[in-house]
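>>> Here is my input, please return the structure:
(chains A and B)
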Amino acid sequence: MNAVGQHVPRAVSVTGGAAVRVTRSRRSALWPGIAVVAIVVILGYLPYVVHSGTTTLLVQFFTLLTMASMWNLLAGYAGLVSVGQQAFIGLGSYFVLIGALHGLDPFTALPVAAIGCGVVGLPVWWLVSRLRSGYFAITTWVIASVCELIIIRYPSLGGGTGMLLSGFPDISQTLLNAYIYWTSLAVTVIVLAGVYLLLRSPLGLVLTALRDDETGARSVGAKVARAQRLVFIVAAAGCGAAGALLIISQPFVEPTAAFSVQWSAEMIFVTIIGGIGTIEGPILGTIVFFILQQTLSQDGTWYFIILGLVAMAVAIWAPRGLWGLIAERTGIRLFPVGYWLWPAGSTAGPRGLALLRGRGRGPGRSGAAGALALDDPGRAGPDDPRSGPGDAGPDDFPV
Amino acid sequence: MIWVNAVLQGVLLGGLYALFACGLSLMFGVMKVINLAHGDLAVVAAYTALGVVAVTHLPAVWSFVLVVPIFAALGYVVQRTLIQAALNRSVLTTLLVTFGLSVVIENSLLQFLSANSHSLNIGSLVSDSFSIGSQITIAYLDLAIFVIAVAVLLGLQHFLSATKHGRLIRAVADDREAAQLAGADYRHIFGIAAAIAFATVAFAGLAFGMYSSFDPTIGTDQLLLFAFEAVVIGGLGSLWGTLVGGIMLGVVQQVGAQVSSTDQILAGQLFFLLVLVIRPQGITSRRRTA
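Numbers count the residues shown, from 1 in each chain, chains lettered A, B, ... in the order given. From the prediction side, this is the model:
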């Protein structure tokens, strides 16, 4: 009954029959929750009060945030470091284009494109699921390259030079910009809510266990392969939606740009800097990205070089990222997905559960000493010792 | 005869790919690190050679005398600092760090040296060739690159099997803990292996710079993927497998180009995926096949 991913009782008996209260976060999630809803409402109202330049920038913001959240789910939780998500970004763009060429309204084509990418994700998963770590990473990259080379072969889709997206509803440019903005906001909200609900579900427990220790997760009976497949397909669909947003907002698509590994670089840097393995991390990282980009955009690719250097430093020296640093000090969770166990009757500073405490970091440090956190990345992010098919031992490098 | 020519050109091209692949294979075999910046390092080597030629007025062909030792030293330093720090964290961190390195290198090249393409000027050698029959033409340069690739692989094999440091590398690759117990400093050995890998990638970058033109983005767009494909197709873990893989990839690409000039790269990628599908055991259960 205790297998990860199965029913987790709301009140469990730990010491001498004393009941334990279970919450989803150390502090009440009510106020952060209200704040999140308020932010979404304000963002939804924005087209009425700001210039279209601002909303256009926010569309880019939401697109990158969607990609980063998907990569975070892949690498941060399922342990799948992909550098080929641009395959689905490009395909998402081209699916919208194909839909538009067949008379489909681009906004209607967006969910179709996302689902289409999820469907394509299935055979791709079959192909790459047999690979680990570095092999998985480069093979996803090869697949993205194959998708690009195949698209280039179709002159009806613009070949190598690209194509303009047409077929938008006949409305004023201002209204169209607002529609695009609301669509991107909706995609982001759906993606973040989806990730949040996924991680709160029984499957989320499997993924959290997987994030912290794959071998451990397998040994307690977690259905790791199934969870990874689902995450891969969800990430394919999410990146497809992001690609669809890209072509709708441009509104132009060109294979080299659509399938560029630059997208992978952006989503990876943003997630690592923000904090991999948390829902909040990619949000924070995307904010940092846009501040840096807007500040340094006159100086060519400098912002990107700086971003890459910072991401490397963070990956090595602060693998929980910015959000990890914040969460560790404050205990705030915008999206509480874990479980916290409290001894019965206590409100603050639960005691007596020290034996259940994690690895001596995070939750145990501040006010709520002794509360058991089941959501803290004990070891940060993709910190997982499994390695590739080449992890063979002795006859590994016979020369 | 056209097809024979395509196959021959593919075999020669395969030497170049093997040269790219052997460093990748070595770093993976010894450190379990897949260096995603491998292709970009080759491009940096080619740019470094341009700089060396501009400063010293050496003929481009001789630039390796300076570039290869520079890269070997660079490899040792990068391994002891950056990659070792990432390795101490986890294998997946090395992926993130080398990917970051790749992006930083590519964008720095774009920022400082523009997106223009260059090539290493080797005079008439680039076009000199000899003919066999009426339809087979072999360029001296292609043949020379193939011979150099085989020579590098032979040298590497000799080094790994017959020298003290080579044996240490193999010992650490086989069983790091046991090698440490026997007194080997694995970090230093890793550094040496990385130095060799960087030296081979410098050779590959120079050969590529003479063979065709290069620009900052070609390292990630093509070279890394070709090197990786050669490693996987040939079967992991053996130097000569790398050569076989490189040759197979080169032949498929050249034959693909013969079918349709735009399909050269696609043919190679699809062949690689096909190998993954029909011979996954070549990748996943090397213990039985190696």
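>>> which of the residues in the helix or strand containing A:Val195 are buried?
A:Val195 belongs to helix A:173-200 when elements are defined using DSSP states H and E. Residues of helix A:173-200 classed as buried: A:176-185, A:187-189, A:191-192, A:194-196, A:198-200 (neighbour count, 16 or more other C-beta atoms under 10 Å in any protein chain shown). C-beta here means a position set from N, CA and C on the backbone, and glycine is covered the same way.
>>> Output the contacting helices and strands for it.
helix A:30-45, helix A:52-71, helix A:106-128, helix A:202-212, helix A:224-249 (3 or more C-beta pairs under 8 Å, 6 or more residues apart in numbering or on different chains; DSSP states H and E).
>>> same thing but 10 Å
Under the contact criterion of 3 or more C-beta pairs under 10 Å, 6 or more residues apart in numbering or on different chains; DSSP states H and E, helix A:173-200 touches helix A:30-45, helix A:52-71, helix A:106-128, helix A:202-212, helix A:224-249, helix A:280-296.
>>> If I take it and helix A:52-71, what angle do their directions form?
With axes from the mean of the first three to the mean of the last three C-alpha atoms, to 10 degrees defining the directions, helix A:173-200 sits at 20 degrees from helix A:52-71.
>>> pLDDT averaged over helix A:173-200 - what is it?
Helix A:173-200 shows a mean pLDDT of 93.
>>> where's that helix relative to the chain centroid, distance-wise?
Offset of helix A:173-200 from its chain centre (C-alpha atoms, centre = their mean, to the nearest Å): 14 Å.
>>> Could you report the neighbour count for the closest residue to B:Asn121 other than its chain neighbours?
Sequence neighbours aside, B:Ala60 is the residue nearest to B:Asn121 in space, at 5.6 Å (criterion: C-beta to C-beta, 6 or more residues apart in numbering or on different chains). Per other C-beta atoms under 10 Å in any protein chain shown, the neighbour tally for B:Ala60 reads 19.
>>> Tell me which residues touch B:Ala60, please.
The neighbourhood of B:Ala60, defined by C-beta atoms under 10 Å, 6 or more residues apart in numbering or on different chains, consists of B:49-50, B:52-53, B:119-123, B:125, B:206, B:209-210.
>>> before we move on, back to that, now do the helix holding A:Val195 and helix A:224-249, the angle between them.
Using the same axes, to 10 degrees: helix A:173-200 against helix A:224-249 is 170 degrees.
>>> Turn the helices and strands packed on helix A:173-200 into JSON lines, columns for distance to chain B and mean neighbour count.
What follows is those, written out as JSON lines (distance: least, C-beta to the nearest C-beta, whole Å; neighbours: other C-beta atoms under 10 Å in any protein chain shown):
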{"stretch": "helix A:30-45", "distance to chain B": "29", "mean neighbour count": "12"}
{"stretch": "helix A:52-71", "distance to chain B": "11", "mean neighbour count": "22"}
{"stretch": "helix A:106-128", "distance to chain B": "6", "mean neighbour count": "20"}
{"stretch": "helix A:202-212", "distance to chain B": "11", "mean neighbour count": "23"}
{"stretch": "helix A:224-249", "distance to chain B": "14", "mean neighbour count": "25"}
{"stretch": "helix A:280-296", "distance to chain B": "11", "mean neighbour count": "20"}
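>>> out of those, nearest to B:Leu143?
Closest of the helices and strands packed on helix A:173-200 to B:Leu143 is helix A:106-128, at 36.6 Å (criterion: C-beta to C-beta).
>>> and the closest one, what does it pack onto?
Helix A:106-128 packs on helix A:86-101, helix A:133-152, helix A:173-200, helix A:224-249, helix B:264-278, going by 3+ C-beta pairs under 10 Å, 6+ apart.
>>> Counting neighbours, what do you get for B:Ser134?
B:Ser134, neighbours per other C-beta under 10 Å, totals 7.
>>> what's the pLDDT at it?
B:Ser134 carries a pLDDT value of 77.
>>> State whether it and B:Met1 are indeed in contact, as I suppose.
Yes - counting by C-beta atoms under 10 Å, B:Met1 is a contact partner of B:Ser134 at 7.4 Å.
>>> Find the closest residue to chain B in the stretch 101-250 of chain A.
In the stretch 101-250 of chain A, no residue comes nearer to chain B than A:Gly134, which is 2.9 Å away by C-beta to the nearest C-beta.
>>> For that residue, which non-adjacent residue is closest in space?
B:Ile34 (2.9 Å).
>>> show me the contacts for that neighbour.
Counting by C-beta under 10 Å, 6+ apart, B:Ile34 touches A:133-138, A:387-388, A:390, B:24, B:27-28, B:91, B:94-95, B:98-99, B:224, B:228, B:231.
>>> Output the below-cut-off pLDDT ranges for the stretch 251-399 of chain A.
By pLDDT under 70, the low-scoring segments of the stretch 251-399 of chain A are A:344-399.
>>> Could you do the stretch 1-150 of chain A as well?
Looking at the stretch 1-150 of chain A by pLDDT under 70, you get A:1-19, A:25-29.
>>> One more pass at 90, please.
A:1-36, A:46-56, A:79, A:103, A:129-135 (pLDDT under 90).
>>> can you pull out the strands in chain B?
Secondary structure of chain B (DSSP state E): strands located at B:129-132, B:136-139.
>>> Alpha carbons of the first one, as CSV, please.
Coordinates of the C-alpha atoms in strand B:129-132 are reproduced here as CSV (Å, rounded to 0.1, in the frame of the first residue of the first chain):
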residue,chain,number,x,y,z
SER,B,129,43.4,15.6,-57.4
PHE,B,130,44.2,12.5,-59.3
SER,B,131,41.9,10.4,-61.4
ILE,B,132,41.2,6.7,-61.6
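>>> Which neighbouring elements make contact with it?
Here strand B:129-132 is seen to pack against helix B:2-31, strand B:136-139, helix B:140-162 when contacts are counted using 3+ C-beta pairs under 10 Å, 6+ apart.
>>> Please name whichever of those is nearest to chain A.
Taking these one by one with C-beta to the nearest C-beta, helix B:2-31 is closest: 3.5 Å.
>>> Give the buried residues for the closest one.
So for helix B:2-31, counting by 16+ other C-beta under 10 Å, buried means B:5-31.
>>> Now do that helix against helix A:133-152: the angle between them, please.
Using the same axes, to 10 degrees: helix B:2-31 against helix A:133-152 is 150 degrees.
>>> so how far is A:Val310 from the residue most central in space within chain A?
By C-alpha atoms, centre = their mean, chain A has its centre lying nearest to A:Ser69, at 2.0 Å. Per C-beta to C-beta, to the nearest Å, A:Ser69 is found 20 Å from A:Val310.
>>> Same check on B:Gly183?
Remark: distance between B:Gly183 and A:Val310 (C-beta to C-beta) = 39 Å.
>>> Ok, B:Thr98 next?
16 Å.
>>> Of those two, give the one with the bigger neighbour count.
B:Thr98 (26 against 16).
>>> Give me the number of neighbouring residues for the closest residue to the more buried one other than its chain neighbours.
Nearest in space to B:Thr98, with sequence neighbours left out and distances taken as C-beta to C-beta, 6+ apart, is B:Leu36 at 4.3 Å. Other residues near B:Leu36 come to 27 when the count uses other C-beta under 10 Å.
>>> Quick check, B:Leu36 in contact with B:Gly100.
Yes - in this structure, B:Leu36 is within contact of B:Gly100 by C-beta under 10 Å, at 8.7 Å.
>>> what residues are up against B:Phe214?
B:42-43, B:45-47, B:50, B:117-120, B:205, B:208, B:222-223.
>>> Sort out for me which of those are in helices.
The helices, defined by DSSP state H, take in B:Ala42, B:Val43, B:Ala45, B:Ala46, B:Tyr47, B:Leu50, B:Gly205, B:Phe208 from the contacts of B:Phe214.
>>> Also near chain A: which of the residues you listed, exactly?
Among the ones in helices among the contacts of B:Phe214, none lies close to chain A by the criterion of C-beta under 10 Å from any C-beta of the partner chain.
>>> now these in a markdown table, with pLDDT and neighbour count?
Below are the ones in helices among the contacts of B:Phe214 laid out as a markdown table (pLDDT from 0 to 100; neighbours: other C-beta atoms under 10 Å in any protein chain shown):
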| residue | pLDDT | neighbour count |
| --- | --- | --- |
| B:Ala42 | 95 | 30 |
| B:Val43 | 95 | 26 |
| B:Ala45 | 94 | 29 |
| B:Ala46 | 94 | 27 |
| B:Tyr47 | 94 | 20 |
| B:Leu50 | 91 | 19 |
| B:Gly205 | 94 | 31 |
| B:Phe208 | 92 | 28 |
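>>> Right, I'll leave it there.
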